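> starting from these lines, generate the structure:
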Amino acid sequence: MNHVNQQILLASRPTGEPTVDNFRLVETPVPALQDGQVLVRHHYLSLDPYMRGRMNDGKSYAQPQPLDAVMIGGTVGEVVESRHAAYQAGDKVVGMGGWQHYAVVDGGAAGMMRKVDTTHIPLSAYLGAVGMPGVTAWVGLTDIIAAKAGETVVVSAASGAVGSAVGQLAKSRGCRVVGIAGGADKCNYTTQELGFDACIDYKAHGDLKALMGALKETCPNGIDGYFENVGGVILDAVMARMNAFGRIAFCGMIAGYSGQPIPMANPSLILISRLKLQGFIVSEHLPRWPAALQELGTMVATGKLKYRETVAPNLAAAPEAFLGLLKGRNFGKQIVKLV
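Numbers count the residues shown, from 1 in each chain. Model prediction:
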């Protein structure tokens, strides 16, 4: 069977904020399978903030995205042809297939692809709540913040794929949970649908003093754990309210993804409050994935972990959707529908 594959490549590296001109849509034939290979047709593509960092050609925790190559990205889909004994046509799989309709995968390569069960969990959820974002939330909260019942946990980008999972997991552990999000709709979602105790609209508290006042009101007993997705003035405000021996898990610094400087206003608080600050990359915590996915999958299947998706309609819409994600225009997990 001859398949034509649509792909989006990184055409150029951005200077400052990325634009749609940094991407290029192409069509290529899908090659014939060799022994041991599997052909996957992607149903959904994940768009995530980390992709912005990969577009740069500078020092980071991972190699830069190569120019004129398919953009990196998580995918879920269906096996349409297999020459590997472990996979059959019709299997639902999750992997890192990139911004394209089809991927040829080495079925024997460790960590490249795994089968998933869609009986009780929707396929797209394996890109969000029961995927990399959910595991990111679980590892940061469980292993770095080490949240305990009765503690106060704050999370920025609280309505996003990672932040929403952090808050719900923290509530399940008996914590008081305060989110920080942009806009009344996102804040109402976290409190009314996800069960957060409070949420601060950073757009309505536009400077450090206002944010600190809101945190003092919503966190009267201080903050024990903070899950950081943003950086900048939000981090400064939270640090001012951290309790002694508080823990901060650094997951993302989206305030500086386009090269903006994000200095810390009062680093002496790290010493004064004896804070633990730890950055982490979830792919470096692979031994923890099975336990995380077990809890996340059970919670989604039983309705105890809720999530929301923003869906772009096709591959051609992926660049604009990605740029919107970096601006906070998405609501929940940003994915692209490919079938």
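> rest of the way, CA atoms for contacts and neighbours
OK.
> and the strands in the stretch 51-200 of the chain?
Using DSSP state E, counting those that start in this stretch, the strands of the stretch 51-200 of the chain run over 75-82, 92-95, 102-106, 113-115, 152-156, 176-181, 198-201.
> okay, these in JSON lines with mean pLDDT and distance to Ala69 next?
Output for these, formatted as JSON lines (pLDDT from 0 to 100; distance: least, Cα to Cα, whole Å):
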{"stretch": "strand 75-82", "mean pLDDT": "98", "distance to Ala69": "16"}
{"stretch": "strand 92-95", "mean pLDDT": "97", "distance to Ala69": "17"}
{"stretch": "strand 102-106", "mean pLDDT": "97", "distance to Ala69": "13"}
{"stretch": "strand 113-115", "mean pLDDT": "94", "distance to Ala69": "20"}
{"stretch": "strand 152-156", "mean pLDDT": "98", "distance to Ala69": "33"}
{"stretch": "strand 176-181", "mean pLDDT": "98", "distance to Ala69": "34"}
{"stretch": "strand 198-201", "mean pLDDT": "98", "distance to Ala69": "39"}
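> most tightly surrounded among those?
strand 152-156 (a mean of 29; mean count of other Cα atoms under 10 Å).
> Gly16 and Asn56 touch, don't they?
No. The criterion here is Cα atoms under 8 Å, and Gly16 misses it with Asn56 at 9.8 Å.
> so the residue nearest to Gly140 when sequence neighbours are not counted: helix, strand or coil?
Spatial nearest neighbour of Gly140, chain neighbours left out: Ala249 (5.7 Å); criterion: Cα to Cα, 6 or more residues apart in numbering. Counting by DSSP: H, G, I helix; E, B strand; the rest coil, the backbone at Ala249 sits in strand.
> tell me the bridge partners for Ala249.
Counting by DSSP bridges, Ala249 forms beta bridges with Phe227, Gln278.
> how about the contacts made by it?
Listed by Cα atoms under 8 Å, 6 or more residues apart in numbering, the contact partners of Ala249 are Gly140, Leu141, Ile144, Ile145, Gly225, Tyr226, Phe227, Glu228, Leu277, Gln278, Gly279, Phe280.
> one step back: more neighbours: which of Gly16 and Asn56?
A direct count of neighbours by other Cα atoms under 10 Å for Gly16 and Asn56 places Asn56 higher, at 21 against 12.
> how about the more buried one, phi and psi?
When quoted as degrees, to the nearest 10, the phi and psi of Asn56 stand at phi -80, psi 160.
> rewinding a little: out of the contacts of Ala249, which are buried?
Neighbour counting by 16 or more other Cα atoms under 10 Å classes Gly140, Leu141, Ile144, Ile145, Gly225, Tyr226, Phe227, Glu228, Phe280 among the contacts of Ala249 as buried.
> got a markdown table for these, with distance to Lys306 and pLDDT too?
Converted to a markdown table, the buried ones among the contacts of Ala249 look like this (distance: Cα to Cα, whole Å; pLDDT from 0 to 100):
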| residue | distance to Lys306 | pLDDT |
| --- | --- | --- |
| Gly140 | 19 | 98 |
| Leu141 | 17 | 98 |
| Ile144 | 23 | 98 |
| Ile145 | 22 | 98 |
| Gly225 | 22 | 98 |
| Tyr226 | 21 | 98 |
| Phe227 | 19 | 98 |
| Glu228 | 21 | 97 |
| Phe280 | 24 | 96 |
